[in-house]
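**Q** Based on what follows, work out the 3D shape:
(2 chains)
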2 protein chains.
Amino acid sequence: MNKVDILITNGVVVTMDSKETVIANGAVAISGDRIVGIGSAEKFSGCRAAKVIDANNGIIMPGLINTHTHASMTCFRGLADDLHLMTWLNDYIFPAEAKLNYEKVKAGALLACAEMILSGTTCFADMYLFEDAVAEAARQSGMRAVVGEVLYDFPSPCYGPIEQGFEYTENLIKKWKGDPLVTVAVEPHSPYLCAPELLVKAGELSKKYEVPLIIHVAETQTEVNTIRQSYGKTPVAHLADIGVLSPLLLACHCVALTDKEIEQLASFDVKVSHNPESNMKLASGIAPVPQLMDAGVCVGLGTDGCTSNNNIDMFLEMDSAAKIHKVNTLDPTVMDAQTVLKMATIDAAKALGLDKEAGSLEPGKKADVIIIDTNKPHLTPMYNIHSHLVYAAGGNDVETSIINGQVVMENRQLKTLEIQKVMADVNQIAKEIRT
Amino acid sequence: MNKVDILITNGVVVTMDSKETVIANGAVAISGDRIVGIGSAEKFSGCRAAKVIDANNGIIMPGLINTHTHASMTCFRGLADDLHLMTWLNDYIFPAEAKLNYEKVKAGALLACAEMILSGTTCFADMYLFEDAVAEAARQSGMRAVVGEVLYDFPSPCYGPIEQGFEYTENLIKKWKGDPLVTVAVEPHSPYLCAPELLVKAGELSKKYEVPLIIHVAETQTEVNTIRQSYGKTPVAHLADIGVLSPLLLACHCVALTDKEIEQLASFDVKVSHNPESNMKLASGIAPVPQLMDAGVCVGLGTDGCTSNNNIDMFLEMDSAAKIHKVNTLDPTVMDAQTVLKMATIDAAKALGLDKEAGSLEPGKKADVIIIDTNKPHLTPMYNIHSHLVYAAGGNDVETSIINGQVVMENRQLKTLEIQKVMADVNQIAKEIRT
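**A** Here you go, the predicted structure:
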């Protein structure tokens, strides 16, 4: 390897490849948008690089992947907390969302992208209104994203009646096809806000274009009760019966599942997005993640929107994911640090159908890389790198971030966004929301 | 008010006084070690101050108080995780602790003080070995601390047989009497590692000097079973019967309590330290904090040692405390942000008997003040200050910290500690632990 664009060297490389290789004093070489070499720092000593980044004995690892969020809800961060779900939705969130438009959604998404980059996330899956604005925000900030317009039975402030929702989605798919950063998904909201015909049509669209199908499923027991009343079966059984379960399906939350549903999800190779902090804060419950994983289901981690969290820091989400299942099962060995780290990297990539290009550091994959500064009191000393990343580190420890070969943050300075303007825009929106 | 030492101005003052007063554009004036004035910034415009600190529209609030930690366990951060309690203790923690001495405990405590100051904690209650070293570390770093040598039935690496443990404790009490920062407590480990005679003697010593009595109680169901086998009663009933329950008692963890025990704690005005992250990570269980508070028990928040957490950031602990009880009770309205903030400030001060001097910003109280920088993406926009502090902020957002009138951190630079040396010392200890 004679000449590369970027050489990151002098750090512990946590590859998250299938052997979970860790290279003590390692380096990662990048040319264009791809990783072209990984190995000991020594091996790259003769390599000429247009840009050399010294990891300063820190950690070099794949960027984190957030499998479920509503980025633009940054506009409503802290607007309403500690409330019952229906009060929260009907009295605060829905009225606030009625004031949204393309510009506001884009402003909120840009703020989310800033926050995500600053906390080590390089890719996110989004469900919201005016989703083309989120795609544009991701593109502008240089983030990898899976975006999808939310579809439901009632008219949308974005597209109007549902027929136009499918048209909007298909146009999005066509517009962003082949984009190096943005993938479009088909995203019906949930079995309780979508009639069977909507869900079937969404499933067909997903299969037609081979794009992910993303949906909220079994977030609360109340939802399960509703579905049982309407269809006489559990949400997953309902989705199975109408033919919507498929390897393209990413089911978000999956809190209130029966053993039978876990089997069904596994047998159709459905992926699951686990959002522990949102589930805790909204008092939804604790997803049976250890059982899902035992059954062979691929589970990726996600933060959900920051109105129910209230940040979108995947490091904090990893910490919560590791801890909540231990106390829930009274077994401190479940959800060990390495497992959780996989949920936030390679398994998250699999959940989004992006594992050929993201989720681990391997030659040939897209260069989505973050560097953690470990020369900090709360990261001293270091006995175990995985435990450190899950239990001790925070998003703020991410020093540098590269997405698709582009340096989007260096020494904690954002390179793609004018952060003061991004914050000012959302502060302005918040003023309008308040009145 | 003509002349003061420090004027902090241009921020939202969250006083945490009994009326939970919040002053939108406020200021706090400090002279010597005390707060001498609080009010609107305008009111202080004519005040001459030796040092003016501009809070830059951030939040001015009382420093957080950690009611239970083992500071020097920073030396073992991440040494052993995701293990059963007994494997963790017997195979990792106890062998590592056998290598400790005064110097190592002091080095570990200095690192903990650095981490705590950097994350907004101004006061901590500690239980460990060689506790005089922790007191010296607190003094050196300028932190307020309640320290106590751990007492148990077997010989200690610090003081030898238990008789000398009481002597050591009494000497500590005398040595630090009247110190502006350090208070000494009597700290028997737990009902399962302390014979009734030890506990009774500890209780008497606490009453003799009117200092806090701090103990682990009912951390796990296993512990409860052990106490039931030994004494035929629950841990709290056991403590009640031997006359150890008192308003001076701070019972840490209190995870596995019966309704009867909650009543007993309340009727004796015993205080409780709640350590949710440790209880989650070690799979101990979830303390019945909402019931304790309903019964009128004063509950302060704590992180426990950083081997079972693995950081000692009280902001993250607040977030977990708010969320875990919501999901445990399936009620999103329990443990609202304001309640949790009280647990980390004024109620924590009450739990440690320090509420006359700390825990809130009020004229006459000691000046333990932190300033939060809110001009950050993850703290934008701001609708609700309490929700922001609990659900969105992290320790890293603390910009400046003042303890007892001394600026110990300014613009995130520690003023009392040479941080690179502090980290190097603990890295050296970790090297020895590994071998």
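**Q** C-alpha from now on. contacts and neighbour counts both.
**A** Will do.
**Q** for the nearest residue in space to A:Glu42 that is not next to it in sequence, what are its contacts?
**A** The shortest distance from A:Glu42 to any residue other than its chain neighbours is 7.7 Å, reached at A:Gly26 (CA to CA, 6 or more residues apart in numbering or on different chains). With contacts defined as CA atoms under 8 Å, 6 or more residues apart in numbering or on different chains, A:Gly26 is in contact with A:9-13, A:38-42.
**Q** For the stretch 251-400 of chain A, just list every one of the strands.
**A** A:271-274, A:299-301, A:369-372, A:398-403 (DSSP state E, counting those that start in this stretch).
**Q** picking that back up, let me know the secondary structure of the residue nearest to A:Glu42.
**A** Here A:Gly26 is recorded as strand under DSSP: H, G, I helix; E, B strand; the rest coil.
**Q** Bridged to it, which residues?
**A** Taking DSSP bridges, one finds A:Gly11, A:Ser40 as the beta-bridge partners of A:Gly26.
**Q** List the buried residues for the host helix or strand of A:Ser230?
**A** Here A:Ser230, judged by DSSP states H and E, is contained in helix A:221-231. Along helix A:221-231, the positions that meet the burial threshold by neighbour count (16 or more other CA atoms under 10 Å in any protein chain shown) are A:223-227.
**Q** Look up the closest residue to the residue in the stretch 51-200 of chain A that chain B sits nearest to, ignoring the ones flanking it.
**A** Nearest residue of the stretch 51-200 of chain A to chain B: A:Asp82, at 4.5 Å (CA to the nearest CA). Excluding the flanking residues, the one nearest A:Asp82 by CA to CA, 6+ apart is B:Thr333, at 4.5 Å.
**Q** Tell me the secondary structure at the residue nearest in space to the middle of chain A.
**A** Computing the C-alpha centroid of chain A and ranking residues by CA atoms, centre = their mean puts A:Asn66 first, at 1.5 Å. When classified by three-state DSSP, A:Asn66 comes out as strand.
**Q** What average pLDDT does the helix holding A:Ser230 get?
**A** The predicted model gives helix A:221-231 an average pLDDT of 97.
**Q** by contact count, what packs against it?
**A** Counting contacts by 3 or more CA pairs under 8 Å, 6 or more residues apart in numbering or on different chains; DSSP states H and E, the secondary-structure elements packed against helix A:221-231 are helix A:235-241.
**Q** got a list of contacts for the host helix or strand of A:Ile173?
**A** In this structure, A:Ile173 is located in helix A:162-176 according to DSSP H and E. Outside of helix A:162-176, the residues within contact range by CA under 8 Å, 6+ apart are A:132, A:148-149, A:151-156, A:159, A:182-186, A:202, A:205, A:209.
**Q** Which of the residues you listed fall in strands?
**A** Among those, DSSP state E puts A:148-149, A:151, A:182-184 in strands.
**Q** now those residues in JSON lines, with distance to chain B?
**A** Formatted as JSON lines, the ones in strands among the contacts of helix A:162-176 follow (distance: CA to the nearest CA, whole Å):
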{"residue": "A:Gly148", "distance to chain B": "23"}
{"residue": "A:Glu149", "distance to chain B": "24"}
{"residue": "A:Leu151", "distance to chain B": "27"}
{"residue": "A:Val182", "distance to chain B": "23"}
{"residue": "A:Thr183", "distance to chain B": "25"}
{"residue": "A:Val184", "distance to chain B": "26"}
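**Q** Could you list the contact residues of the stretch 1-150 of chain A toward chain B?
**A** Applying CA under 8 Å from any CA of the partner chain, we find that the stretch 1-150 of chain A lies next to chain B at A:74-79, A:81-85, A:111-112, A:114-115.
**Q** farthest-separated two in those residues?
**A** A:His84 and A:Ala114 (29.8 Å; CA to CA).
**Q** Those two: which is more packed in?
**A** Between A:His84 and A:Ala114, A:Ala114 has the larger neighbour count (other CA atoms under 10 Å in any protein chain shown), namely 27 against 14.
**Q** How much space separates the more buried one from A:Asn309?
**A** A:Ala114 sits 17 Å away from A:Asn309, going by CA to CA, to the nearest Å.
**Q** again, but for A:Thr220
**A** Per CA to CA, A:Thr220 is found 16 Å from A:Asn309.
**Q** More neighbours: which of those two?
**A** Set side by side, A:Thr220 and A:Asn309 show unequal neighbour counts under other CA under 10 Å, the larger going to A:Asn309 at 26 against 21.
**Q** pLDDT value on the residue nearest to the more buried one when sequence neighbours are not counted, please?
**A** Closest residue to A:Asn309 apart from its sequence neighbours, by CA to CA, 6+ apart: A:Ser278 at 5.1 Å. In the prediction, the pLDDT value recorded for A:Ser278 is 97.
**Q** From the centre of chain A, give me the residue that's furthest out.
**A** Here the centre of chain A is the reference, and by CA atoms, centre = their mean the most remote residue is A:Gly46, at 37.1 Å.
**Q** For it, list the residues it contacts.
**A** The neighbours of A:Gly46, taking CA under 8 Å, 6+ apart as the test, are A:Asn2.
**Q** before we move on, what about A:Ala392?
**A** Taking CA under 8 Å, 6+ apart as the contact definition, A:Ala392 lies against A:378-379, B:309-311.
**Q** In a markdown table, list these along with distance to B:Ala107 and pLDDT.
**A** Putting the contacts of A:Ala392 into a markdown table (distance: CA to CA, whole Å; pLDDT from 0 to 100) gives the following:
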| residue | distance to B:Ala107 | pLDDT |
| --- | --- | --- |
| A:His378 | 14 | 98 |
| A:Leu379 | 15 | 98 |
| B:Asn309 | 20 | 94 |
| B:Asn310 | 18 | 96 |
| B:Asn311 | 17 | 94 |
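**Q** I am finished for the moment; much appreciated.
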